[in-house]
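J.: Sequence unavailable; structure follows:
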């Protein structure tokens, strides 16, 4: 206490300017210690001492400086001269911002000759901005204690193990994703703290730390730990809570000195019996009791199954009692184990475009795949069938998790899902197991933690933010009930950008739900971290608000006065009896409900740009696409070789699953009979991770022989979906509220043909031609002529995919070498004549177009066929004709 009083007195004297350098040196250099981190200008004082009393300063053994000091870089150059230095502290966190949050220091590296400090045994660089560990640290032969917590380290050096005398190492609160194998060479290490990083895998060499007594790996992303941890015979405390562990080695139970094993808040469905019997094991917050098929069992049961590979045109396959593996052309896999179907069963499948009218996404869901329909719907399999569905990887993997969602005919539900990435293709697939077939899709949802709440009570953590806890006291319920927890982190930058108020702060958004409609019998305690920059030391209670939101996020009520708030240095704790959205805000605003509603709405919006490009070889082929803002440049680079067009539109905002339309105007039109054409406008549905793209052919009623046509395409919003917040819906009403953007489209002037009267088919004459059949619809000569006008320079690849030989293609090209139109017509109608009797020829034409990269023509052919089917069915119903007598009429209707 006397030394502290002297130190405080010294600080006061220094502030008053009454203490000179000699007095300062005499007071601070006692016992070879120099504690200058308590001074706001400590580095300045060090440099002054080093200049005026260098002989004494170089004998210092213990030095503390603040890395928040503006003269830190200048000071670092003098430190290697302190050859006797044993302990050096260069910590940040000595300064705070306007909200009371500790500020990290400015230290990003150390000078190379820092490794000359041969006596240094203790080094503390915590609360700084290190992204890599300075290489000079590896040259400190006496170093025993190293602290680099609260930095931005992504990795450790490969030769980190050369610090052979290290006994304590803390890298807590960094960004470490992996560890070097050399970490096993730290044979004297006793305490290792790697908590709150991003570790996904541990090297086996960790098991060589034979003197380690405490190992903290909590708050990482570990799904497994190596068996070699059982070699740590000196280990007393092992912290593994708040990871993604699905299993732990039973051999951990054999550690002779282990007195604490923390496995809380993981994904453990089962714990080895050897570990369950240990009295010091903590396992709350795990989905214990849920069964999962053994991967070894899966492999052994499917090893000898027959494989079926289906081409793109096929839509069904047969399953027998022997089982099989089925691989679809789109990448979807099925595994039918032996005995899944007792009798031969024909399975039909198709891929559907998601329709927001029945594909109902929840708040903050992201659609990652098309809809897969499997029939027959009502059949019950004897064993679970495995389905692997490829999907587009989401952009926020830490906040979201991927699940397969299925539709029962009345509602959607999430299936237990496992996700993996293929080694070769790097594509992601989601696996689920089902006993019946229906509709399936892949979505990304907010990470969901759940547990069963017994009468004895329990504890539920968030795996996204382990600081968020829900505590259920004993007697909270009579019957066990399921509780689900989801968290949406919201950064201070997002809040500031949306509210335009630097004084607003908010905690992560918490959503709680349960499978019971009855409130809890006792209050449930909720712990939320205080908003960024707010601590118990600088907390102004009048600025803190607890908000309760309804299920749709439409209404946010301030319930601060209705609950009892308790505070610690980092957390706020309150009690509730019913579940919904909860949000902790810190602001000077009095009415915060409206601000929270605005922020919540904006968090669900995507910023997008609209694109309209024309094919260079064929300007009548137009590509329309809606692209998220961050993907615009990569998409344009990919398309620039084949397309040209105006700059993308200005940024607009859309919700996931929102409908919008494209209308061609000022002398440009499209085929109104297209299935996706509504009132003359082309319909789109925006999904942020799916391709919102269509390629179509446009025409102009204006005679283009005289001049080019300068038209445009305008984009408009559709009907506002039910799930859009009320404020957003209200803003989109009124004049021009539906308009999004307009982009120019220019059709060039047509060149006159050399032959003025070439006949109906550019001089070609063929007998009457109908491809297909009455029930499925015909392609007539007029249809083929319309298709031919769209083929352009791709005619050779299309001809080859239709089955024509290279010799035929070359002959057609040579015979019509002066006219591209004749080359196309000769190829297309020659093939049509040869295949006119083939009932499957239309499907072959569609497949050839897709394989040639002409999805636009394939879509048009399918639209023509679908229209023919509809007209054929309508004519039968209207006239009551028999199928045989209506064949010719169906062809005429086409």
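T.: Cool, got the structure. Because the structure is a prediction, the values reported are computed rather than measured.
J.: Let me see the mean pLDDT of the helix or strand harbouring residue 443.
T.: Following DSSP states H and E, one finds residue 443 within strand 439-446. The pLDDT scores in strand 439-446 average 92.
J.: residues in contact with stretch 400-411?
T.: Stretch 400-411 is contacted from outside by 358, 364, 366, 368, 377, 387, 389, 391, 394, 412-415, 417, 419, 428, 430-432, 434, 438-448, using C-beta atoms under 8 Å, 6 or more residues apart in numbering. Where you see a C-beta, it was placed from the backbone N, CA and C, and this is true even at glycine.
J.: same thing with stretch 848-859?
T.: For stretch 848-859, contacts defined as C-beta under 8 Å, 6+ apart pick out 312, 621, 694-697, 787, 790-791, 794, 797-798, 801-802, 846-847, 861.
J.: cutoff 7 Å now
T.: Contacts with stretch 848-859, where a contact means C-beta atoms under 7 Å, 6 or more residues apart in numbering, come from 621, 695-697, 787, 790, 794, 797-798, 801-802, 846, 861.
J.: From these, pick the one nearest residue 213.
T.: residue 695 (65.3 Å; C-beta to C-beta).
J.: Confirm the closest one sits in a strand?
T.: Yes. Using DSSP: H, G, I helix; E, B strand; the rest coil, the secondary structure at residue 695 is a strand.
J.: my guess is it contacts residue 620, does it?
T.: No. Judged on C-beta atoms under 7 Å, residue 695 makes no contact with residue 620 at a distance of 11.0 Å.
J.: among the contacts of stretch 400-411, which ones are buried?
T.: The neighbour-count test (16 or more other C-beta atoms under 10 Å) marks 364, 366, 368, 387, 389, 391, 394, 412, 417, 419, 428, 430-432, 434, 438-448 as buried among those.
J.: which residues touch residue 536?
T.: By C-beta under 7 Å, 6+ apart, the residues touching residue 536 are 567-569.
J.: can I get those in TSV with neighbour count, secondary structure and pLDDT?
T.: Shown next, in TSV, are the contacts of residue 536 (neighbours: other C-beta atoms under 10 Å; DSSP: H, G, I helix; E, B strand; the rest coil; pLDDT from 0 to 100):
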residue	neighbour count	secondary structure	pLDDT
567	15	strand	86
568	11	coil	86
569	9	coil	85
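J.: Nearest to residue 330 among those residues?
T.: Using C-beta to C-beta, residue 568 comes nearest to residue 330 of the contacts of residue 536, at 52.5 Å.
J.: could the contacts of residue 536 be laid out in a markdown table, adding distance to residue 184?
T.: Compiled in a markdown table, those are given as follows (distance: C-beta to C-beta, whole Å):
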| residue | distance to residue 184 |
| --- | --- |
| 567 | 43 |
| 568 | 38 |
| 569 | 37 |
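J.: Can you tell me which of those residues lies closest to residue 146?
T.: Closest to residue 146 out of the contacts of residue 536 is residue 569 (26.3 Å), distances taken as C-beta to C-beta.
J.: what's the closest non-adjacent residue to that closest one?
T.: Nearest non-adjacent residue to residue 569, counting by C-beta to C-beta, 6 or more residues apart in numbering: residue 536, 4.2 Å away.
J.: Tell me if I am right that that neighbour is in a helix.
T.: No. Counting by three-state DSSP, one finds residue 536 to be coil, located in no helix.
J.: and the gap between it and residue 573?
T.: Using C-beta to C-beta, to the nearest Å, we find residue 536 at a distance of 12 Å from residue 573.
J.: one step back: partner strands of the strand holding residue 443, with direction?
T.: strand 366-367 (antiparallel), strand 371-375 (antiparallel), strand 400-407 (antiparallel) (DSSP bridges).
J.: Can you tell me what sits against that strand?
T.: 354, 359, 361-362, 364-369, 371-373, 387, 389, 391, 394, 399-407, 430, 486-488.
J.: Tell me the first helix or strand C-terminal of it.
T.: Counting by DSSP H and E, the next helix or strand C-terminal to strand 439-446 is strand 448-453.
J.: can you pull the buried residues of that next one?
T.: 448-449, 451, 453.
J.: still on that earlier bit, next, format the strands paired with strand 439-446 as JSON lines and append mean pLDDT.
T.: Shown next, in JSON lines, are the strands paired with strand 439-446 (pLDDT from 0 to 100):
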{"stretch": "strand 366-367", "mean pLDDT": "92"}
{"stretch": "strand 371-375", "mean pLDDT": "90"}
{"stretch": "strand 400-407", "mean pLDDT": "91"}
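J.: which one of these lies closest to residue 589?
T.: Minimum separation from residue 589 across these (C-beta to C-beta) falls at strand 400-407, 30.1 Å.
J.: Sketch out the low-pLDDT regions of the stretch 701-850 of the chain for me.
T.: 701-706, 719-737, 750-770, 772-778, 806-807, 814, 817-818 (pLDDT under 70).
J.: which residue ranges form the strands in the stretch 451-600 of the chain?
T.: 458-461, 469-472, 481-488, 505-506, 509-514, 524-529, 544-549, 556-558, 566-567, 571-576, 581-586 (DSSP state E, counting those that start in this stretch).
J.: Given the host helix or strand of residue 307, what are its sheet partners and their directions?
T.: Counting by DSSP H and E, the element that carries residue 307 is strand 306-309. Take DSSP bridges as the rule and strand 306-309 pairs in its sheet with strand 324-327 (parallel).
J.: Identify the residues contacting the strand it pairs with?
T.: Counting by C-beta under 7 Å, 6+ apart, 302, 305-310, 317, 333-336 sit against strand 324-327.
J.: So which residues of the stretch 701-850 of the chain form strands?
T.: In the stretch 701-850 of the chain, the strands defined using DSSP E, counting those that start in this stretch lie at 709-717, 739-747, 770-773, 777-780.
J.: Contacts for the first one, please.
T.: Strand 709-717 is touched from outside by 610, 612, 624, 660-668, 700, 702, 732, 738-747, with contacts defined as C-beta under 7 Å, 6+ apart.
J.: What angle do strand 739-747 and it make with each other?
T.: Counting by axes from the mean of the first three to the mean of the last three C-alpha atoms, to 10 degrees, strand 709-717 points 160 degrees away from the direction of strand 739-747.
J.: and which of the contacts of residue 536 is nearest to residue 471?
T.: Using C-beta to C-beta, residue 568 comes nearest to residue 471 of the contacts of residue 536, at 13.8 Å.
J.: Contacts only, for the closest one.
T.: By C-beta under 7 Å, 6+ apart, the contact set of residue 568 is residue 536.
J.: Next one: it relative to residue 641, how far apart?
T.: 60 Å.
J.: Residue 830 now?
T.: To residue 641, residue 830 is 31 Å away according to C-beta to C-beta.
J.: which stretches of the stretch 551-700 of the chain form helices?
T.: Using DSSP state H, counting those that start in this stretch, the helices of the stretch 551-700 of the chain run over 593-603, 632-639.
J.: Let me have those helices in a markdown table, extended by distance to residue 89 and mean neighbour count.
T.: As requested, the helices of the stretch 551-700 of the chain are exported to a markdown table (distance: least, C-beta to C-beta, whole Å; neighbours: other C-beta atoms under 10 Å):
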| stretch | distance to residue 89 | mean neighbour count |
| --- | --- | --- |
| helix 593-603 | 40 | 19 |
| helix 632-639 | 46 | 14 |
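J.: now for the ones you listed, which one comes closest to residue 110?
T.: helix 632-639 (37.9 Å).
J.: Quick check: mean pLDDT of that closest one?
T.: On average, helix 632-639 scores 90.
J.: Residue 486 against residue 509, yeah?
T.: No. Using C-beta under 7 Å, residue 486 is not in contact with residue 509; the gap is 8.7 Å.
J.: Which of the three states applies to residue 261?
T.: Residue 261 ends up strand, using three-state DSSP.
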